[in-house]
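Participant: How does the following fold in three dimensions:
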Amino acid sequence: MALGVCVLLALELFRRLRRRHSRDVEAQVTATVETLEARLDELARELSNAVSRAEEEAQRSRFLGQIAITIDLDDAIGSTLQAAAGLPKVDAAVVELDPDGDGDERLIGSIGLDREEGEEEGVRIFTGSPERREARAIELSYLYPGDETSGAVHEALGVPLVGRNGKIGWLGIFSRDPEVRFGDEDVRRLEELADRVAPAIENARRFREARQLADLDSLTGLHNRRYFYETLAREVDRAQRYQRRLSLVIVDVDGFKEINDRIGHLAGDAVLAEIADRIRQVVRSADIPCRVGGDEFAVIVPEVEVGQARQLVGRIQRAVSAQLIVRAGRVRVSAGVADIQPNDSPTSLFERGDESLYAAKHAGKNGLAAAD
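Facilitator: I've put the predicted structure just below:
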């Protein structure tokens, strides 16, 4: 009897130990699975972040590759801004180029900033105190004219763009997150970007300046004949494609041969330069005045029909004849006007304008004729 009780107790103890072992094993398995799942989630996040960083780096590399081969200043600035905006923590970026040459204006490009933030007088960007001017990187303060609005810039950082001959401008990045603070790693990234893009921007700017000089007539400062034909072709194509208005004014100096014979060719050149300056003063900013021949000028007038182009001719004729020109006296000009027709090409539009000019010349000095 006692032996049977001992056996039963032993069996019960064995069952309990087995159940406890099973629970322990199950708990260990569950803990192991949970650990593995957590680790897999962590690895997935790390992989996702690595893929995102690789994509961002690949995108920046594409932008930098585009910058390295471009000779267009707008493209160089645009690629720089996109590369800067792709940096971590960055919501917006600005490139500002210093004035380069007499009368040159500063060039500013931005991404992620609206018009009010970038241009309103009440919003200012400061580049640090005078004692920090030699710093490689500078902190920027972004000041708002009134109460701070939602989405306002909270953190900013800028570095200089340095070309072969010194500083050419600066590159800035901005964050709208109140928790973000730019640190040494952000400075390093931005400086590295600035070092890579500055030579390309400088080269593109030099190319633009050289191209602009190549497009100008050396005597009058107006656009030259080559630029005129290139631009006329482009404007005719745009007008035909989008069904826009376009007019052409061709101006010729009355009796210029007699002026040259009377005062000499050197003084005659001065007369042409003065006439060009007077034309420049009365055209719109959208108009494109050019010198297309010896004493012949042309003005491409976008978005204007022939009636308004005739008004422009009137302003030109009054400006030229209103005041005497030294040694030449009172000078007058004749003009022809043509506006674009449905099947016009650059050549046909110019020929109709030229025919109108000759009709005006035959009608007498200070004449005007418009093509049918």
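Participant: Hmm, Asp252 is touching Val292, no?
Facilitator: No. Look at Asp252 against Val292 with C-beta atoms under 8 Å: they stay out of range, at 9.9 Å. (Each C-beta comes from the backbone N, C-alpha and C, glycine too.)
Participant: elements contacting the host helix or strand of Gln240?
Facilitator: Secondary structure from DSSP states H and E places Gln240 in helix 225-242. Contact analysis of helix 225-242 by 3 or more C-beta pairs under 8 Å, 6 or more residues apart in numbering; DSSP states H and E lists strand 246-253, strand 288-291, strand 296-302, helix 346-363 as its packing neighbours.
Participant: How many residues are close by Ala31?
Facilitator: Neighbourhood size, Ala31 [other C-beta atoms under 10 Å]: 10.
Participant: Give me the three-state assignment for Leu161.
Facilitator: On the three-state scheme (DSSP: H, G, I helix; E, B strand; the rest coil), Leu161 is labelled strand.
Participant: what is it paired to in the beta sheet?
Facilitator: Gly169 (DSSP bridges).
Participant: CA atoms only for stretch 175-183, dumped as CSV, please.
Facilitator: C-alpha atoms of stretch 175-183 as CSV (Å, rounded to 0.1, in the frame of the first residue of the first chain):
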residue,chain,number,x,y,z
SER,A,175,14.9,73.3,-41.9
ARG,A,176,11.3,73.9,-40.8
ASP,A,177,11.5,71.2,-38.0
PRO,A,178,11.7,72.9,-34.6
GLU,A,179,13.6,69.9,-33.2
VAL,A,180,16.3,70.0,-35.9
ARG,A,181,19.8,71.4,-35.2
PHE,A,182,22.5,71.4,-37.8
GLY,A,183,25.8,70.0,-36.5
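Participant: ok now it, how far from the chain's centre?
Facilitator: The chain centre lies 27 Å from the centre of stretch 175-183; the measure is C-alpha atoms, centre = their mean, to the nearest Å.
Participant: How about stretch 256-265?
Facilitator: 46 Å.
Participant: which outside residues touch that stretch?
Facilitator: Residues outside stretch 256-265 that contact it (C-beta atoms under 8 Å, 6 or more residues apart in numbering): 253, 268, 271, 294-295, 327-328, 331.
Participant: Next, count neighbours for the closest residue to Val282 other than its chain neighbours.
Facilitator: Nearest non-adjacent residue to Val282, counting by C-beta to C-beta, 6 or more residues apart in numbering: Arg315, 4.2 Å away. Neighbours of Arg315 under the rule other C-beta under 10 Å: 14.
Participant: Name the SS class of Arg315, please.
Facilitator: helix.
Participant: What separation is there between it and Val283?
Facilitator: Applying C-beta to C-beta, to the nearest Å, the value for Arg315 to Val283 is 8 Å.
Participant: Check Ser110 too.
Facilitator: From Ser110 across to Val283, the span is 30 Å (C-beta to C-beta).
Participant: What of Arg241?
Facilitator: From Arg241 to Val283 the distance is 24 Å (C-beta to C-beta).
Participant: Buried residues, stretch 243-259. List them.
Facilitator: Of all the residues in stretch 243-259, those buried under the rule 16 or more other C-beta atoms under 10 Å are 246-254, 256, 259.
Participant: from the middle of its chain, how far away would it be?
Facilitator: Averaged C-alpha coordinates place stretch 243-259 at 33 Å from its chain's average position (C-alpha atoms, centre = their mean).
Participant: I'd like the C-alpha coordinates of that stretch written as CSV, please.
Facilitator: Output of stretch 243-259 as CSV, limited to C-alpha atoms (Å, rounded to 0.1, in the frame of the first residue of the first chain):
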residue,chain,number,x,y,z
GLN,A,243,-0.9,80.7,-81.2
ARG,A,244,0.6,83.8,-79.6
ARG,A,245,0.9,87.2,-81.1
LEU,A,246,4.3,88.5,-82.4
SER,A,247,5.3,91.6,-84.3
LEU,A,248,8.5,92.7,-86.0
VAL,A,249,9.7,96.3,-86.4
ILE,A,250,12.5,97.2,-88.8
VAL,A,251,14.0,100.7,-88.6
ASP,A,252,16.3,102.4,-91.1
VAL,A,253,18.1,105.8,-90.7
ASP,A,254,17.0,108.3,-93.3
GLY,A,255,19.8,109.7,-95.4
PHE,A,256,22.5,108.0,-93.5
LYS,A,257,24.9,107.9,-96.5
GLU,A,258,24.7,111.7,-96.7
ILE,A,259,25.3,112.0,-93.0
